[in-house]
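A.B. asks: I'll drop the sequence and a predicted model, then ask my questions.
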Amino acid sequence: MRYLAKTAAVLLLLLAVVEAQRIDWSAKLYDPDANAKSEIAKAIKEAGERHRRVLLVFGGNWCPDCHVLNYRFHQEPAKSLVENNYIVVHVDIGEGEGKYVKNTDLADKYRIPLKKGVPAVAVLSEKGYLLYSQQNGEFEAARSLDPREIVRFLELWKPPKRI
């Protein structure tokens, strides 16, 4: 039994290494020059027109878990859920001596506890109302999140079907 557990652990580690090689770690997900407030306003307008939710992802280009979460959003079945139900806005929180130095006013507005780490997620309605705010660092360890958990989250917060 112990042999099986060790073998399973090694296989999981190998799978994680292989998957990590597929992630573009140099991708600039978070534009440091973006005006996050206007990006969010634009996303809310588009969400209203397309009957979508707005998915705010607070993080930084320096954050490995932010890249992993973005990678997961681009893998099926999460990819279809994101494309058909959400407008994603990456909100750059910067990095400095005070740790998070940008868009902290937006983190406060959307009740994102940056002290718990990033990536941190909020979901807005198509009218811009806050529907969900991550409170316990649920996505902060995206590397160890089961992709099915991400899919369940996306299913839970997608907009209701129109009748």
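C.D. replies: In hand now; what should we look at?
A.B. asks: burial count for the nearest residue to Arg52 once chain neighbours are set aside?
C.D. replies: Counting by C-beta to C-beta, 6 or more residues apart in numbering, Arg52 lies nearest to Ile87, which is 5.2 Å off, once chain neighbours are set aside. For the C-beta atoms, the positions are set from N, CA and C on the backbone; glycine is no exception. Using other C-beta atoms under 10 Å as the criterion, Ile87 is surrounded by 23 other residues.
A.B. asks: okay, buried residues for stretch 29-49 please.
C.D. replies: Buried positions in stretch 29-49, judged by neighbour count with 16 or more other C-beta atoms under 10 Å: 29-30, 36, 39-40, 43-44, 47.
A.B. asks: do you know how far Val121 is from Asn61?
C.D. replies: Per C-beta to C-beta, to the nearest Å, Val121 is found 17 Å from Asn61.
A.B. asks: helix or strand right after the least confident helix or strand in the chain by mean pLDDT?
C.D. replies: In the chain, no helix or strand scores lower on mean pLDDT, DSSP states H and E than helix 2-22, which sits at a mean of 48. Counting by DSSP states H and E, the element after helix 2-22 in chain order, helix or strand, is helix 36-50.
A.B. asks: send me that next one as PDB with only the CA atoms.
C.D. replies: Extracted in PDB, the C-alpha atoms of helix 36-50 (Å, rounded to 0.1, in the frame of the first residue of the first chain):
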ATOM      1  CA  ALA A  36      -8.100  49.000 -14.200                       C
ATOM      2  CA  LYS A  37     -11.200  51.200 -13.500                       C
ATOM      3  CA  SER A  38     -11.900  51.800 -17.100                       C
ATOM      4  CA  GLU A  39     -11.100  48.200 -18.000                       C
ATOM      5  CA  ILE A  40     -13.700  47.100 -15.500                       C
ATOM      6  CA  ALA A  41     -16.200  49.700 -16.800                       C
ATOM      7  CA  LYS A  42     -15.700  48.400 -20.300                       C
ATOM      8  CA  ALA A  43     -16.100  44.800 -19.200                       C
ATOM      9  CA  ILE A  44     -19.300  45.600 -17.400                       C
ATOM     10  CA  LYS A  45     -20.700  47.300 -20.500                       C
ATOM     11  CA  GLU A  46     -19.800  44.300 -22.600                       C
ATOM     12  CA  ALA A  47     -21.100  41.900 -20.000                       C
ATOM     13  CA  GLY A  48     -24.500  43.700 -20.100                       C
ATOM     14  CA  GLU A  49     -24.600  43.500 -23.900                       C
ATOM     15  CA  ARG A  50     -23.600  39.800 -24.100                       C
END
